[in-house]
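# whatever this is, show me its structure:
(chains A and B)
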Number of protein chains: 2
Amino acid sequence: MKPWEKNIRKVVPYVPGEQPKGDRLIKLNTNENPYPPAPGVEKALREMDADLFRKYPDPASSLLVDVLAEQYGVGKDQVFVGVGSDDVIGMAFLTFFNGEEPILFPDVSYSFYPVWAELFHIPFETPAVDEDFKIRKEDYYRKNGGIIFPNPNAPTGLELGLMEVEDILRHNQDVVVIVDEAYVDFGGHSALALLPRYENLLVVQTFSKSRSMAGMRIGYGIGSPRLIQALQDVRYSYNSYTMNRPSQILGAEAVKDKVYFRQTLDKIIKTREETKDWMGKMGFSFPDSKANFLFATHERVPAKTIFQALKKEQIYVRYFDTPRLEDYLRITIGTDAEMEALRRFLEAFL
Amino acid sequence: MKPWEKNIRKVVPYVPGEQPKGDRLIKLNTNENPYPPAPGVEKALREMDADLFRKYPDPASSLLVDVLAEQYGVGKDQVFVGVGSDDVIGMAFLTFFNGEEPILFPDVSYSFYPVWAELFHIPFETPAVDEDFKIRKEDYYRKNGGIIFPNPNAPTGLELGLMEVEDILRHNQDVVVIVDEAYVDFGGHSALALLPRYENLLVVQTFSKSRSMAGMRIGYGIGSPRLIQALQDVRYSYNSYTMNRPSQILGAEAVKDKVYFRQTLDKIIKTREETKDWMGKMGFSFPDSKANFLFATHERVPAKTIFQALKKEQIYVRYFDTPRLEDYLRITIGTDAEMEALRRFLEAFL
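Reported below is the predicted structural model:
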């Protein structure tokens, strides 16, 4: 090791999920939306002026912040936008989790949480979800440096009821509590309803799933003005101009079209419920997902075997080779045609 | 103060430069390029497929990394891309500056360096540039935790010769040395030439100035594979998908057009030298800038007075109300027409 290597921050390199390329493949492994963004996005893209790229974007991303504030009925000073919800949550870890006590998040949840905690040297503990993968709210009624959990949870798709979320908040008013709602639009109930009562609550959502904009990298957090101000201060101390012009312009268009948004969600929810139905009949079981994926295990055939067989067929789903999850596949809800291709293959294979 | 506020990271909120809006104003305050991006950028924008936005972008940004590697004649494993050079440098601070010793950078340089250092709790010292604003290389021949300096320097525009840069490197092989070359394309000499000899050197450049793409937020670092790997590991531990699809696609187009790039640079350099000429005759003096701005002081009229008079005329330049800089204006080189408007006003005003 060279002397200069001694000062390098130690991290366990995170390996991003597989992004296979090709036209014929069916990609059900990263919870992307199978439908294109709202038509207004395409229109705004066609009208975008490349000459403007020479100028810095608005550091406050006002265009986008304003439509989000209007959409969710909150003040403009209650909205923080970032380069995907990963940027928002990473920044929130850096901003809010500077105490001595460990932060808490479920053992089964978004795999990035421990990565951020280790990156920023934040102590953490991971209370185990129960045998049905449910978060036990009582596990969070103890001294801690902050709390974060996805709701609906990933990769299970299970929702924690809004009253239970509030129970956790009621027991934790001295730390920041982050509810990561990447999948909430597919049938969950948002903690945004609790904002008026909890100044220490940050609700994080994303354009990557329900708004079909994973490629644009847009996420946002909504909370009390004091909370958002603290996040802004840290962000401006890292990078003043995080969100580029196309993201600001096209992101705003995606929010404006409420009818298309609702239609897309309804289609995905319908396909999800139909998929639950035929998969159940085929011998699969799964938690009752409120997200755009199913977390499924088969009564007879190991998940890994199915995963590998599907991959050979160019059907990509997500397999986690870790304790508690190794019997399960996380399958994104695609179009009806994609799910039908999956069904036909599984029928033949099982 | 609420209990949860105690764990908030303390920062001195950085205030980004003014981004005035309006059609008639002349914006010479943030060192943007007065010319549009390469024609290929516009063409690729017109052909961009909005449907693809639903998918995550390539986490490795290969499209962009590949053209940069080709452009600079380095390996693909020697290029790191980020959301503007601020993201690259911020990530580099987090990755490389974890020692006990203070890092070093000039007292007069990019105002973000102390902000990053404070954000990440990195000790730092700032050796003073000399009375002509020159960096004294000998100041960097002592024990430290890392070194960073812009070259050409900001806001002075002064270049440190390549041999002096190498002297600093030769004396500092046990820490990471970052040369921030945001302005190098306007007549500086890049430390890229030194890469084969120094595995601990990171050269950072940006698309915001010379490539007319401030609005797209693209920066990059070039260094040894070991250095780049360390940066990648930390980045993947923060956010796997930082660079959105449009930035990857349009950024690559900007690099491909070498003829347009050279033409744009030549125009700006010509305008800069002409501006030096008439400003000198008008009683201004300035370090010999190799950047796309001049750092000018007037023999008689205080900088602040000129700054305010220009602002009233809707001509925006940058004024730093801080010791050592308070007698100077930083004036971006705009189009010939913009500089002519500036000249006419100053002629009448002084």
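# just the strands in the stretch 251-350 of chain A please.
A:284-285, A:293-298, A:315-319, A:329-332 (DSSP state E, counting those that start in this stretch).
# just name the most buried of those.
Most buried of the strands of the stretch 251-350 of chain A by mean neighbour count (mean count of other C-beta atoms under 10 Å in any protein chain shown) is strand A:329-332; its value is a mean of 26. Bear in mind the C-beta positions are built from the backbone N, C-alpha and C, glycine included.
# how far away from the center of its chain is that one?
Distance of strand A:329-332 from its chain centroid, counting by C-alpha atoms, centre = their mean, to the nearest Å, is 15 Å.
# and if you look at stretch A:6-25?
Counting by C-alpha atoms, centre = their mean, stretch A:6-25 comes out at 17 Å from the chain centroid.
# does it reach chain B?
Yes: Stretch A:6-25 is in contact with chain B by C-beta under 8 Å from any C-beta of the partner chain, via A:6-9, A:11-16, A:19.
# go ahead and build a ChimeraX selection from the buried members of these.
This is how ChimeraX selects the buried members of the residues of stretch A:6-25 next to chain B, with burial counted by 16 or more other C-beta atoms under 10 Å in any protein chain shown:
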select /A:7,8,9,11,14,19
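# point out the least confident one among the residues of stretch A:6-25 next to chain B.
Lowest pLDDT of the residues of stretch A:6-25 next to chain B: A:Pro16, 69.
# report how many residues lie close to the closest residue to A:Pro302 other than its chain neighbours.
Computed as C-beta to C-beta, 6 or more residues apart in numbering or on different chains, the closest residue to A:Pro302 that is not its neighbour in sequence is A:Asp327, at 7.0 Å. By other C-beta atoms under 10 Å in any protein chain shown, the residues close to A:Asp327 number 12.
# OK, contacts around A:Asp327?
Taking C-beta atoms under 8 Å, 6 or more residues apart in numbering or on different chains, we find A:Asp327 in contact with A:297, A:302-303.
# pLDDT for those residues - can I get that in JSON lines?
As requested, the contacts of A:Asp327 are arranged in JSON lines below (pLDDT from 0 to 100):
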{"residue": "A:Thr297", "pLDDT": "98"}
{"residue": "A:Pro302", "pLDDT": "97"}
{"residue": "A:Ala303", "pLDDT": "97"}
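# just to revisit the earlier point, and the gap between the residue nearest to A:Pro302 and A:Leu294?
For A:Asp327, the distance to A:Leu294 (C-beta to C-beta, to the nearest Å) stands at 14 Å.
# can you give me the end-to-end distance of stretch A:285-297?
Chord length of stretch A:285-297, first to last residue, is 6 Å (C-alpha to C-alpha, to the nearest Å).
# typed the wrong thing, it's stretch A:102-109
Distance across stretch A:102-109, first residue to last, is 17 Å (C-alpha to C-alpha).
# average pLDDT across it?
In this model, stretch A:102-109 has an average pLDDT of 97.
# do stretch A:133-147 as well
On average, stretch A:133-147 scores 98.
# any buried residues in it, and which?
Buried residues in stretch A:133-147, counting neighbours by 16+ other C-beta under 10 Å, are found at A:133-135, A:137, A:139-140, A:144-147.
# overlap between these and the residues near chain B?
A:145-146.
# in strands only, show me the buried residues of stretch A:133-147.
In strands, defined here by DSSP state E, the members of the buried residues of stretch A:133-147 are A:Ile147.
# which two among the buried residues of stretch A:133-147 are spaced furthest apart?
A:Phe133 and A:Gly145 (24.9 Å; C-beta to C-beta).
# what residues does the stretch 101-250 of chain A put near chain B?
Counting by C-beta under 8 Å from any C-beta, the stretch 101-250 of chain A sits next to chain B at A:115-116, A:118-119, A:145-146, A:173-176, A:199-200, A:208, A:212-217, A:226, A:230, A:232-234, A:236-247, A:250.
# one more time with 7 Å, if that's ok
By C-beta under 7 Å from any C-beta of the partner chain, the part of the stretch 101-250 of chain A that sits against chain B consists of A:115, A:119, A:145-146, A:174-176, A:199-200, A:212-217, A:230, A:233-234, A:236-242, A:244-247.
# show me these that map onto helices.
A:115, A:119, A:230, A:233-234, A:236, A:245-247 (DSSP state H).
# which residue sits closest to A:Ile8 in space, ignoring its chain neighbours?
In this structure, A:Ile8 finds its nearest non-sequential neighbour in B:Ala230, 4.8 Å apart by C-beta to C-beta, 6+ apart.
# sorry, that was for A:Gly40
Using C-beta to C-beta, 6+ apart, the nearest residue to A:Gly40 is A:Glu253, at 4.0 Å.
# tell me how many other residues crowd that neighbour.
Look at A:Glu253: counted by other C-beta under 10 Å, it has 22 neighbours.
# circling back: now tabulate the residues of stretch A:6-25 next to chain B in TSV and tack on distance to A:Ala69 and secondary structure.
Listed next are the residues of stretch A:6-25 next to chain B as TSV, based on distance: C-beta to C-beta, whole Å; DSSP: H, G, I helix; E, B strand; the rest coil:
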residue	distance to A:Ala69	secondary structure
A:Lys6	47	helix
A:Asn7	42	helix
A:Ile8	41	coil
A:Arg9	36	coil
A:Val11	35	coil
A:Val12	38	coil
A:Pro13	37	coil
A:Tyr14	32	coil
A:Val15	36	coil
A:Pro16	31	coil
A:Gln19	33	coil
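# got TSV for the residues of stretch A:6-25 next to chain B, with distance to A:Ala154 too?
Conversion of the residues of stretch A:6-25 next to chain B to TSV gives the following (distance: C-beta to C-beta, whole Å):
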residue	distance to A:Ala154
A:Lys6	36
A:Asn7	35
A:Ile8	30
A:Arg9	26
A:Val11	22
A:Val12	20
A:Pro13	21
A:Tyr14	15
A:Val15	17
A:Pro16	15
A:Gln19	18
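# and the helices in chain A?
Using DSSP H, helices in chain A cover A:39-47, A:62-72, A:84-96, A:112-119, A:162-170, A:225-236, A:245-256, A:258-281, A:303-312, A:336-349.
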